[in-house]
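Visitor: Quick one, fold the following:
(2 chains)
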Amino acid sequence: MQDDPEGPGLRRGFLALLMRELRLSVRHGGDTLAALLFFVLVIALFPLAIGPEPKMLARIAPGIIWVAALLAALLPLDRLFGADFEDGSLDHLLLSGLPVSLLVAAKALAHWLVTGLPLCLAAVPLAVMLRLPDAALPALLGGLLPGTVLLSLLGTTGAAIVLGARRAAALLPLIVLPLATPVLIFGAAAADAVTTGGSARPHLLLLSALLAAALPLCPVAASAALRQAAG
Amino acid sequence: MDGSHILTNAPRPGRPGRSLHRFANPGRFLRLAARVQPWLNALALILTATGLIWGLFFAPADWQQGDAVRIMYIHVPAAWLASAGYAGLAACALVSLIWRHPLADLAAMEISPVGAGFTALCLATGSLWGKPMWGAWWVWDARLTSVLVLFFLYLGHIVLVRAFDDPVRGQRAGAILVLVGAIDLPIIKFSVVWWNTLHQPDTITLLGAPSLYITMLWPLLIAALGYSATFAAIVLARTRAAVMERRIRALLAARAEALS
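Guide: As a prediction, this is how the structure comes out:
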């Protein structure tokens, strides 16, 4: 990969890493499904706790779905670098000549494809079950799509920062959740705005702006943390 | 292992950041800090006492809020120091990552508990102030909420830097987290204000008219200076203790090695 740093070498390395991650998550299907099942179960708990009144459920549906998505996206993060760190393949990846930020980007993209995208898809039937008005569905999905990518990027950064810590899995939410508050606020507000007769557009634009800022910054921060972890 | 680098890290001349490395020598830092500490302590005590006594007993009561306004002299400086502490933490993180300055690492580790303490004081007094003013202990007001998130950021840093077996690794991870948080903090603040105006259009703002009377402004400013000196004094004392602790640990390790 060293011979042609600008050309197809980078793309090939990126794709190879992405395919490796996807293959791994397909082979560990249980781990992959766990996050999705967690998402569905947490949402199913809310009507049981609050009561089945449709108006109330419709009012809190976007918030519930967003909080559950935030928590579910955190679940697979501690294995994101953890497994590679323990068996030494992370050192190999760092030595492969692929820029570390690109490695992080591949990991984040894999996390999104395996966790974020299924969450978005599962959110549609769940929103219908919670009696979210049909008009608010596009806003919910339009927020969840960039929002889950953002969560993947922030989560990957957090996972790189806590890599090698004792009880990293417990530490991770403590670090990522405060950083993710803007995503939650704008994401839930987009769907909320439609149900209360407003426009989702400003919220979705702000989410996209956050995504545009996080796309270059998060891989840089995560790669700095990864280099520290690898020593 | 962790203590040795701080004992042997002599300043290297002719490198960028040389002036900073002058103070990376822990012996020089300890000598200088020992001389500054008593003055800083005295300054902190005198200024804080003056500001608080003036504010709590002699400054005029507010025509609208009555004596409840006096919580301001405890609350507002704590809120300023909570954000200033995070700025200091970010500065330490930057110095630590760019120049690998061992004292910046130690200082960052010691700033975050103090900053969290001031943030907790700000939240607690804000809650006490909210009860007579808004009739509730907690209001999801934009300011309170963003200070709450700041408190969580401090807690995350405190836990993170102590979660690694290798302390240097913990400090570096903490530095990266602080920098990410420093970029995210204005966004969080903005989003919370936005969220708040969306959900509570008729929130009462605390200092609706920021035109404080000069008789109230003076004790507030003196209290703020006193709080800053207190913050600096505590951080300095903690950093000195941390340097000495590392020295003792390194000496004990060396003795254990010599005995075996």
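
Visitor: quick one: least confident helix or strand in chain B?
Guide: In chain B, no helix or strand scores lower on mean pLDDT, DSSP states H and E than helix B:4-8, which sits at a mean of 43.

Visitor: residues of the lengthiest helix in chain A that come out buried?
Guide: Among the elements of chain A assigned as helix by DSSP state H, the one spanning the most residues is helix A:201-230. Within helix A:201-230, the residues that count as buried by 16 or more other C-beta atoms under 10 Å in any protein chain shown are A:203-204, A:206-208, A:210-211, A:214, A:217-219, A:221-226, A:228-230. No exception for glycine: its C-beta is placed from N, CA and C like everyone else's.

Visitor: For the spatially most central residue of chain A, give its distance to A:M56.
Guide: The residue lying closest to the centre of chain A (C-alpha atoms, centre = their mean) is A:S152, at 2.9 Å. A:S152 sits 31 Å away from A:M56, going by C-beta to C-beta, to the nearest Å.

Visitor: ditto for A:C218
Guide: 36 Å.

Visitor: One more: B:G88?
Guide: As judged by C-beta to C-beta, B:G88 and A:M56 stand 45 Å apart.

Visitor: Please identify which of those two sits among more neighbours.
Guide: For B:G88 and A:M56, the more surrounded residue by other C-beta atoms under 10 Å in any protein chain shown is B:G88, and the numbers stand at 20 against 14.

Visitor: Find the nearest non-adjacent residue to that one, please.
Guide: In space, and not counting its chain neighbours, B:G88 is closest to B:I111: 5.7 Å by C-beta to C-beta, 6 or more residues apart in numbering or on different chains.

Visitor: quick one: contacts for the one you found?
Guide: B:G85, B:G88, B:L89, B:C92, B:V235 (C-beta atoms under 8 Å, 6 or more residues apart in numbering or on different chains).

Visitor: before we move on, the earlier item: which is the next helix or strand following the helix or strand where the residue nearest to the centre of chain A lies?
Guide: Assigned by DSSP states H and E, A:S152 belongs to helix A:137-161. Note on helix A:137-161: by DSSP H and E, the next helix or strand toward the C-terminus is helix A:168-179.

Visitor: can you give me the offset of that next one from its chain's centre?
Guide: 13 Å (C-alpha atoms, centre = their mean, to the nearest Å).

Visitor: Buried residues of the helix or strand harbouring B:S96, list them for me.
Guide: B:S96 belongs to helix B:72-99 when elements are defined using DSSP H and E. By 16+ other C-beta under 10 Å, the buried positions in helix B:72-99 come out as B:72-86, B:88-97, B:99.

Visitor: tell me the average confidence for the longest helix along chain B?
Guide: Scanning chain B for the helix with the most residues, using DSSP H, yields helix B:214-259. Mean pLDDT, helix B:214-259: 90.

Visitor: helices or strands up against it?
Guide: In terms of contacts (3 or more C-beta pairs under 8 Å, 6 or more residues apart in numbering or on different chains; DSSP states H and E), helix B:214-259 is packed against helix B:4-8, helix B:26-53, helix B:72-99, helix B:102-134.

Visitor: what's the angle from it to helix B:102-134?
Guide: Here helix B:214-259 points in a direction 140 degrees away from that of helix B:102-134 (axes from the mean of the first three to the mean of the last three C-alpha atoms, to 10 degrees).

Visitor: quick one: helix B:214-259 to helix B:26-53, angle?
Guide: 150 degrees.

Visitor: Would you mind listing what in chain A touches chain B?
Guide: Within chain A, the positions lying close to chain B (C-beta under 8 Å from any C-beta of the partner chain) are A:157, A:161-162, A:164-168, A:171, A:174-175, A:177-179, A:181-182, A:185-186, A:189, A:206, A:210, A:217, A:221, A:224-225, A:228-229, A:231.

Visitor: I figured A:A135 hits A:T196, correct?
Guide: No: assessed by C-beta atoms under 8 Å, A:A135 is found out of contact with A:T196, at 11.2 Å.

Visitor: so where is chain A shaky, pLDDT-wise?
Guide: A:1-8, A:231 (pLDDT under 70).

Visitor: what about the stretch 1-150 of chain B, any weak spots by pLDDT?
Guide: B:1-24, B:63.

Visitor: Can you pull the residues of it lying near chain A?
Guide: Neighbours of chain A within the stretch 1-150 of chain B, by C-beta under 8 Å from any C-beta: B:L97, B:V149.

Visitor: Number of residues surrounding whatever residue of the stretch 1-150 of chain B ends up closest to chain A?
Guide: The stretch 1-150 of chain B approaches chain A most closely through B:V149 (5.2 Å), counting by C-beta to the nearest C-beta. Neighbour count for B:V149, taken as other C-beta under 10 Å: 21.

Visitor: Quickly find the element holding it.
Guide: helix B:142-161.

Visitor: buried sites along the helix or strand that that helix is followed by?
Guide: Later in the chain than helix B:142-161, the nearest helix or strand by DSSP H and E is helix B:167-199. For helix B:167-199, burial by neighbour count (16+ other C-beta under 10 Å) applies to B:167-182, B:184-185, B:187-189, B:191-192, B:194-196.

Visitor: The helix holding B:V149 - contacts with which helices or strands?
Guide: helix A:168-179, helix B:72-99, helix B:102-134, helix B:167-199.

Visitor: what angle sits between the first one and helix A:201-230?
Guide: This means helix A:168-179. 140 degrees.

Visitor: Check the second one too.
Guide: Following the same axes, to 10 degrees, one obtains 50 degrees for the angle between helix B:72-99 and helix A:201-230.

Visitor: ok now helix B:72-99, how far from the chain's centre?
Guide: 5 Å.

Visitor: Who are the packing partners of that helix?
Guide: On a contact count with 3+ C-beta pairs under 8 Å, 6+ apart, helix B:72-99 meets helix B:18-22, helix B:26-53, helix B:102-134, helix B:142-161, helix B:167-199, helix B:214-259.

Visitor: what's the answer for the last one, then?
Guide: For helix B:167-199, the contact count by 3+ C-beta pairs under 8 Å, 6+ apart identifies helix A:137-161, helix A:168-179, helix A:181-195, helix A:201-230, helix B:72-99, helix B:102-134, helix B:142-161 as packing neighbours.

Visitor: how about a cut-off of 6 Å?
Guide: helix A:137-161, helix A:181-195, helix A:201-230, helix B:72-99, helix B:142-161 (3 or more C-beta pairs under 6 Å, 6 or more residues apart in numbering or on different chains; DSSP states H and E).

Visitor: Next, the angle from the helix holding A:S152 to helix B:142-161.
Guide: Using the same axes, to 10 degrees, helix A:137-161 lies at 40 degrees relative to helix B:142-161.

Visitor: what angle separates helix A:137-161 from helix B:167-199?
Guide: Angle, helix A:137-161 to helix B:167-199, by the same axes, to 10 degrees: 160 degrees.

Visitor: So for helix A:137-161, what gets flagged as buried?
Guide: A:137, A:139-161.

Visitor: tell me how far it is from the chain's mean position?
Guide: That offset, for helix A:137-161, works out to 4 Å (C-alpha atoms, centre = their mean).

Visitor: same question, stretch A:174-193
Guide: Per C-alpha atoms, centre = their mean, the centroid offset for stretch A:174-193 relative to its chain is 12 Å.

Visitor: Can you give the contact residues for it?
Guide: A:62-63, A:66, A:70, A:136, A:139-140, A:143, A:147, A:150, A:154-155, A:158, A:200, A:203-204, A:206-207, B:149, B:152-153, B:156, B:184, B:187-188, B:191, B:195 (C-beta atoms under 6 Å, 6 or more residues apart in numbering or on different chains).
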